[in-house]
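**Q** the following comprises the amino acid sequence and a computationally predicted model.
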Amino acid sequence: MAVLLAFITGIIHLVATTRAIEMSVVLAVLFVLNGLGFLGGAALYFTRFWRRSFFLAAAVYSLVTILALFPFQGWGVEAFYMNGAINPIVTVTKVAEAFLVIASVYLYSSTSN
């Protein structure tokens with residue numbers, strides 16, 4: 001489940017880069033890096049390099065990504081709106097990231113060293 005959530009938000013961030021570049025090149029670069037971070041983390045899970053502590057890193061990474069929305073879009077519910085309507089891309093990515101935080105903390109706590 002956690003890998004699927006990371007994959008979903010990673011792909012959405014990469015696809016959303018095309019819209020982000022219209023606003024700012026810096027924002028587009030951040031979208032690409034964020035998308036690659038999620039996809040890289042998901043891929044790392046299937047390697048021999050994966051460690052239990054990476055679950056906590058995934059939780060923190062996801063939480064930071066959720067919080068990073070607000071300086072760019074506004075500090076309230078309006079962050080989830082675009083042109084007066086709910087932005088489905090933002091909503092899906094932030095919900096996936098929130099569930100990834102929960103899943104990662106659960107996996108950390110339920111996995112042994």
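**A** Sure, I can see it. Here the structure is a predicted model, which means the values were calculated and not measured.

**Q** residues contacting residue 58?
**A** Residue 58 makes contacts with 2, 6, 41, 100, 104, as judged by C-beta atoms under 8 Å, 6 or more residues apart in numbering. (Glycine included, C-beta is placed from N, CA and C.)

**Q** quickly find the element holding it.
**A** Residue 58 belongs to helix 53-73 when assigned by DSSP states H and E.

**Q** quick check: next helix or strand after that helix?
**A** Next element after helix 53-73 (DSSP H and E): strand 81-82.

**Q** what pairs with that next one, parallel or antiparallel?
**A** strand 85-86 (antiparallel) (DSSP bridges).

**Q** how about residues contacting the partner strand?
**A** Applying C-beta under 8 Å, 6+ apart, the external contacts of strand 85-86 come out as residue 80.

**Q** hmm, try it at 10 Å
**A** With contacts defined as C-beta atoms under 10 Å, 6 or more residues apart in numbering, strand 85-86 is touched by 77, 80.
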